[in-house]
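A.B. asks: Quick one, fold the following:
(chains A and B)
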Amino acid sequence: EDQVTQSPEALRLQEGESSSLNCSYTVSGLRGLFWYRQDPGKGPEFLFTLYSAGEEKEKERLKATLTKKESFLHITAPKPEDSATYLCAVGNQAGTALIFGKGTTLSVSS
Amino acid sequence: GAGVSQSPSNKVTEKGKDVELRCDPISGHTALYWYRQRLGQGLEFLIYFQGNSAPDKSGLPSDRFSAERTGESVSTLTIQRTQQEDSAVYLCASGKDRDGNTIYFGEGSWLTVV
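C.D. replies: Numbers count the residues shown, from 1 in each chain, chains lettered A, B, ... in the order given. As a prediction, the model looks like this:
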């Protein structure tokens, strides 16, 4: 069964304290791994798509990496405005709907 | 418009009433998804439309839930005889095709059943 597990469920950081969020997956033929950011009361906002192991993408303080079993979202020197829930999802070979993890809620305090 | 548009943004309804939620996908996107998100919970897949193919309804929680899509445009999610456990935000997303491409979400329709 295809599934996505994100850890930790919640993460509290001080401003400037770098860390990583983990997304472990099992899927029958990976067809994309997706990261989204969701602010309270809003729909998920697209961040990155990764397609193959070894691929990396960056945007401001965020960098996403991918291996054959997991993806990491690295946050460098976070700011309070990075506080949000980060969602990971995978697409499978069968082309069914994206499978989402439960998310990691990040809180960054100044 | 530039993004996925959903309406209404908020809906309060009485238990037992029917509700319709609307989604306007990004122009040219053939894939359209509905997800449900209860307060503090993850995204729960409901239904998936891809072009003219038969929709994947495997996530619909009961026969009170149904959805339609007109061609590659607007979709309507209908919930009949609403129950309090239907209270949630209903998120619509669209994408270019089924082959692992990125999907983009609307802001959601917040449904409260009282």
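A.B. asks: wait, does the helix or strand bottoming out on mean pLDDT in chain A make contact with chain B?
C.D. replies: Sorting the helices and strands of chain A by mean pLDDT, DSSP states H and E puts strand A:99-100 at the bottom, at a mean of 92. Yes - residues of strand A:99-100 are located near chain B by Cβ under 8 Å from any Cβ of the partner chain, namely A:Ile99, A:Phe100. The C-beta positions use only the backbone N, C-alpha and C, and glycine is treated the same way.
A.B. asks: Tell me if I am right that A:Glu81 is in a helix.
C.D. replies: Yes - residue assignment for A:Glu81, taken from DSSP: H, G, I helix; E, B strand; the rest coil, places it within a helix.
A.B. asks: gap between it and A:Glu15?
C.D. replies: From A:Glu81 across to A:Glu15, the span is 10 Å (Cβ to Cβ, to the nearest Å).
A.B. asks: Now chain A against chain B: closest residue?
C.D. replies: A:Arg31 (3.1 Å; Cβ to the nearest Cβ).
A.B. asks: Tell me which stretches of the chain form strands.
C.D. replies: Using chain A. Ranges of strands within chain A are A:3-7, A:10-14, A:19-26, A:30-38, A:45-50, A:56-59, A:62-66, A:70-75, A:84-92, A:99-100, A:104-109, based on DSSP state E.
A.B. asks: that's the wrong chain, I meant chain B
C.D. replies: Under DSSP E, chain B gives strands at B:5-7, B:10-13, B:19-24, B:31-37, B:44-50, B:65-69, B:75-79, B:88-95, B:103-105, B:109-113.
A.B. asks: list the buried ones in the second one?
C.D. replies: By neighbour count, with 16 or more other Cβ atoms under 10 Å in any protein chain shown as the criterion, the buried positions of strand B:10-13 are B:Lys11, B:Thr13.
A.B. asks: Spell out whether it and chain A are in contact.
C.D. replies: No - Strand B:10-13 does not reach chain A (Cβ under 8 Å from any Cβ); its nearest approach is 10.4 Å.
A.B. asks: elements contacting that strand?
C.D. replies: strand B:19-24, strand B:109-113 (3 or more Cβ pairs under 8 Å, 6 or more residues apart in numbering or on different chains; DSSP states H and E).
A.B. asks: what residues does that strand touch?
C.D. replies: B:Val19, B:Leu21, B:Thr82, B:Ser109, B:Trp110, B:Leu111, B:Thr112, B:Val113, B:Val114 (Cβ atoms under 8 Å, 6 or more residues apart in numbering or on different chains).
A.B. asks: is it true that the third one touches B:Glu20?
C.D. replies: No - in terms of Cβ atoms under 8 Å, B:Thr82 does not count as a neighbour of B:Glu20; the distance is 11.1 Å.
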